[in-house]
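A.B. asks: sharing a model prediction with you, sequence too.
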Protein chains: 2
Amino acid sequence: MEGSGSKWIEHPLSMDSDSQPQKFFAGEFRHAIDQKNRITVPSDWRRGDGQGQEFIILPEPRFQFLLVMAAEEFARLSAQAESDQTVSARDRRTFSRQLHSRAKHAASDRQGRLVLPEDHCKELGLKGEVALVGGNGRFEIWNLQKWKRAQDEETPTYQHVANVIGL
Amino acid sequence: MEGSGSKWIEHPLSMDSDSQPQKFFAGEFRHAIDQKNRITVPSDWRRGDGQGQEFIILPEPRFQFLLVMAAEEFARLSAQAESDQTVSARDRRTFSRQLHSRAKHAASDRQGRLVLPEDHCKELGLKGEVALVGGNGRFEIWNLQKWKRAQDEETPTYQHVANVIGL
DNA sequence: AGGAAGTGGTTACAAATGGAGGGAAGTGGA
DNA sequence: TCCACTTCCCTCCATTTGTAACCACTTCCT
């Protein structure tokens, strides 16, 4: 039913100003998308009872997968981008507009499920069994075949990094 | 019936002087404009019961889409522009005149609909199904084809900035 | 064996849309 | 100047369709 057990993992570098430590989605799961485009958030990634948790859904720029992050995280990131003084005001405006127009809000139901936008599911080939890949405070929803391929292609990079940090 | 669910998204940086946090229209919707040029405001973007909500409608300068914003937001913006001391008094007057002459007022009916100005609809090709694009306290009404094209063209910009902030 | 997690389906309600009726405003003629 | 007529716009009602809440079942883990 699930790929591998993994809970929120605390990240020592990202302790925010407030008391709550920043947590990170981690691990990989295989879940199903039903005919109503619903998908259950892995129980290990839920807060509390898991219902009513707010998420922002974004298509990946190159349209390979669906990016999901906690709503607060999204607000934080977009605020950061909009106050970035290294780009022109015009670019900031364009980006902000793009970002907000592409972002879709979703809250989990009582069973801890999200409803994904129909058009995104179509474009990304998200039907039936999909891969949920966690990391860095977000998770990604992949078409299973695409994920396996991407996985294979990235193995050399992974090997390299693993060597560097002594895995 | 609609593109996808998206609520107002709170913006952490834009907490105004008053207690209410500034909220942002977000997401993209597909709605229909009927024969009387009426369009329903997405329920997620309504305040309260959604009727009697006041909006200002402006054609985009290059006449690509219709800009809609809450009336208070418009008042705030125009007041700000009119007190801008970096331009001449004459320019301020011109600007103000331009702005107010182009702006049309509209209030939502009991079903949460707005009546759009006939001439604007014609000029912008707004008939039948259109795209409602939210962001930054306003939303835009696009001819569907034009919106898809604009979306494609802006993807490189989006992708670039997304990379910068780690999306 | 019990509970929790994941999945499937049904039902009720609200959102979106279409169209009809009534009142105000504008126009023309006497 | 006043009245009749037309036109337009606003309000209200009705229908459809999509969504979200709810319930039920299966499987796996403890």
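C.D. replies: Happy to help now that I have it.
A.B. asks: CA atoms for contacts and neighbours, from now on please.
C.D. replies: OK.
A.B. asks: and chain A, which residues reach DNA strand C?
C.D. replies: Within chain A, the residues that sit near DNA strand C (C-alpha under 7 Å from any atom of the strand) are A:1-2, A:30-35, A:39-43, A:111-113, A:129.
A.B. asks: repeat that with 10 Å
C.D. replies: Those residues of chain A that sit near DNA strand C, judged by C-alpha under 10 Å from any atom of the strand, are A:1-5, A:29-46, A:48-50, A:109-114, A:128-130.
A.B. asks: what's the neighbour count on A:Thr155?
C.D. replies: Other residues within reach of A:Thr155 by the criterion other C-alpha atoms under 10 Å in any protein chain shown amount to 11.
A.B. asks: over to it: give its phi and psi.
C.D. replies: phi -60, psi -40 (degrees, to the nearest 10).
A.B. asks: hmm, back to that, give me the PyMOL select line for the residues of chain A next to DNA strand C, limited to the buried ones.
C.D. replies: Selection of buried members from the residues of chain A next to DNA strand C for PyMOL, criterion 16 or more other C-alpha atoms under 10 Å in any protein chain shown:
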select buried, chain A and resi 29+30+31+32+33+37+38+39+40+41+42+45+46+50+112+113+114+129+130
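A.B. asks: among the residues of chain A next to DNA strand C, name the ones in helices.
C.D. replies: Here DSSP state H is the test, and those give no hits in helices at all.
A.B. asks: show me what contacts the residue most central in space within chain A?
C.D. replies: Compute the mean C-alpha point of chain A, and by C-alpha atoms, centre = their mean the closest residue is A:Phe139, 2.6 Å away. Applying C-alpha atoms under 8 Å, 6 or more residues apart in numbering or on different chains to A:Phe139 gives the contacts A:Phe25, A:Leu67, A:Val68, A:Met69, A:Leu132, A:Val133.
A.B. asks: show me the contact partners of stretch A:59-68.
C.D. replies: Contacts of stretch A:59-68 with the rest of the structure, by C-alpha under 8 Å, 6+ apart, involve A:55-58, A:102, A:120, A:123-124, A:138-143, A:146, B:155, B:158-159, B:162, B:167.
A.B. asks: buried among these? Make that a PyMOL selection.
C.D. replies: Filtering those down to the buried ones (16+ other C-alpha under 10 Å) takes a single PyMOL command:
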select buried, (chain A and resi 55+56+57+58+102+120+124+138+139+140+141+142+143+146) or (chain B and resi 158+159+162)
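A.B. asks: among the contacts of stretch A:59-68, which are in strands?
C.D. replies: Mapping the contacts of stretch A:59-68 onto strands (DSSP state E) picks out A:Phe55, A:Ile56, A:Ile57, A:Leu58, A:Arg138, A:Phe139, A:Glu140, A:Ile141, A:Trp142, A:Asn143.
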